[in-house]
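>>> Need a 3D model of the following:
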Amino acid sequence: MTLRRSLMIAGVVASVVAVGLFVHRGWKQMQCERLRQACRAARVLGNWVELERLATAWSDLDSRAGDPILYAAEAAVGRQAIDRAAEYLGHIPDDDPRAVEALLQRVDMLFGDLARPFAAAETCERILALAPSCGPAHRRLIFFYAVTLQRTRVAEQARQAIAAGGDIPETYVYLVGSDWLTLSNTTRVTTRWLEHHPEEELFVVAAARGDVATRGLDGSIDDGGEGGEGDTEADTEDGSVRSTLHDQRLRVLLERFPRNPELLAYFLQTASTEGDIDEVTSLLARVPAACGDDNRFWRFKGWLHAAQGEAEEAQVAYGRALELNPFDFGSRHQLAEVRRTLGQTDSAAPEAALAAEGRALRRAILEQPDIASVPPAVLARVQRFIRDSGADRVADRLSARMGDAAHTQPRVPASLGGRP
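Numbering: from 1, shown residues only. The predicted structure is shown next:
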């Protein structure tokens, strides 16, 4: 066979293939259009069974199309099949202009009826990869971290939201309160999630710790010098009995989860308040290396150094705690004491004053009905506290957000609400 003949045959084959592809593409477009019209008709009639059948057939034919996915999800919702709806929405193409809104709907389904919070958090991360300034995704992630008492993640997510422009005034309340803020619905939310994930350590501990905090028995958020403020809010004898029972309950959990950061922080606070050097030493030895960026454990380390007469080492530990979290008023309070011991009275006084304001601000926040309802006067104090703590850019950002909030109030789903 000559080269010319071979080239002619190849050309004919290529032409036949091209025609075939053209015909197939035309047939596919006709089928997709037919299914589009049929989906519209089924939707108008509210025929959810037919709509889901048609939409899935359409999606099988064109996997990159967003319309059939949205139709299928709507049909699944109409059939009360929220699990299938969430599954459909998870397949929305990233380049579809409706992807962010569709994925936010999926997040609410996963956090809500489906009780799959980890999948919801992963979906929030996907949204933020597509739209880094998406405020609703930031808020849902912050809420997830707050309600599960992942305190360093609360602060980090709040900082990311601020940097990306996805913040609102309440973001700053979470930021300054990441150490001590426990939402009143922590137990209710995590207990519901426990029904679906009965062995999940995060939910087991959060449910128990949330119960302690909302009963006014939480001493883990004190400044480290006196008894926990939460204890003063409990009912005298009955409160002390309940406090003992809750401590016993948490002690059992600590035996089950001996390296859990939230439980360790709780008992470290108790031990340091009671002046128990041996217990603080023992508990600090259990702290996981991954908690090196948790300012609370540097605070307790500072306390231990101070209790052992190692003032300079204590000062270094408290300084590290404040590098990690400049809003840690407990570390500031104790740092002021150490500086007085070292004769640094001039620098001790400002630290003590700022610590006192941080503690008073905490009380003012905890008196509010929920995070979203913190009034402008308290937000102004938050803004001043942030600035006095050395975070000028964050303070400036909050000032701008407070101005925005005076004109618009973002809608936050009730499921994401939470009282401090």
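
>>> need the helix or strand of the chain with the lowest average pLDDT.
In the chain, the helix or strand scored least confidently by mean pLDDT, DSSP states H and E is helix 229-232, which has a mean of 28.

>>> How far off centre is stretch 377-391?
22 Å (Cα atoms, centre = their mean, to the nearest Å).

>>> Now tell me what touches that stretch from outside.
With contact meaning Cβ atoms under 8 Å, 6 or more residues apart in numbering, stretch 377-391 is reached by 169, 172-173, 175-176, 326-327, 354, 357-358, 361, 364-365, 368, 374, 394-395, 398-399, 402. Where you see a C-beta, it was placed from the backbone N, CA and C, and this is true even at glycine.

>>> From those, list just the buried residues.
The neighbour-count criterion (16 or more other Cβ atoms under 10 Å) marks 169, 172-173, 175-176, 326-327, 354, 357-358, 361, 365, 374, 394-395, 398, 402 among the contacts of stretch 377-391 as buried.

>>> Quickly find the element holding Val154.
Assigned by DSSP states H and E, Val154 belongs to helix 151-164.

>>> For the nearest residue to Glu50 once chain neighbours are set aside, which three-state class applies?
Sequence neighbours aside, Ala42 is the residue nearest to Glu50 in space, at 4.5 Å (criterion: Cβ to Cβ, 6 or more residues apart in numbering). Per DSSP: H, G, I helix; E, B strand; the rest coil, the local secondary structure of Ala42 is helix.

>>> Give me the average confidence score over the helix or strand hosting Thr244.
Per DSSP H and E, Thr244 falls inside helix 236-256. Computed over helix 236-256, the mean pLDDT rounds to 73.

>>> Stretch 202-211 too?
The model assigns stretch 202-211 a mean pLDDT of 94.

>>> chain center to that stretch, what's the gap?
Chain-centre distance of stretch 202-211: 15 Å, with Cα atoms, centre = their mean.

>>> helices or strands up against the helix or strand following the helix holding Thr244?
Following helix 236-256 in sequence order, the next helix or strand is helix 261-273 (DSSP H and E). Using 3 or more Cβ pairs under 8 Å, 6 or more residues apart in numbering; DSSP states H and E as the contact test, the elements touching helix 261-273 are helix 201-214, helix 236-256, helix 277-284, helix 295-307.

>>> among those helices, which is the most enclosed?
Among the helices and strands packed on helix 261-273, ranked by average contacts under mean count of other Cβ atoms under 10 Å, first place goes to helix 295-307 (a mean of 24).

>>> tell me the angle that helix makes with helix 151-164.
120 degrees (axes from the mean of the first three to the mean of the last three Cα atoms, to 10 degrees).

>>> Can you report the mean pLDDT over the residues of helix 295-307?
98.

>>> Give me the contacts around whichever helix or strand comes after that helix.
Sequence order places helix 311-324 as the next helix or strand after helix 295-307, per DSSP H and E. Helix 311-324 is contacted by residues 293-296, 298-299, 301-303, 305-306, 328, 331-332, 334-335, 338-339, 341-342 when judged by Cβ under 8 Å, 6+ apart.

>>> go with 7 Å
Contacts to helix 311-324, defined as Cβ atoms under 7 Å, 6 or more residues apart in numbering, come from residues 293, 295, 298-299, 301-302, 305-306, 328, 331-332, 334-335, 338-339, 341-342.

>>> May I ask you to confirm that the residue nearest to Glu50 is in contact with Leu54?
Yes. Between Ala42 and Leu54 there is a contact under Cβ atoms under 7 Å: 6.0 Å.

>>> Which one of the two is surrounded by more residues?
Leu54 (25 against 20; other Cβ atoms under 10 Å).

>>> does that one sit in a helix or strand, and which one?
helix 48-61.

>>> Quick one: mean pLDDT over the following helix or strand past that helix.
Downstream of helix 48-61, the next assigned helix or strand under DSSP H and E is helix 67-78. Here helix 67-78 scores 96 as its mean pLDDT.

>>> okay, the angle between helix 67-78 and helix 48-61?
Going by the same axes, to 10 degrees, helix 67-78 makes 150 degrees with helix 48-61.
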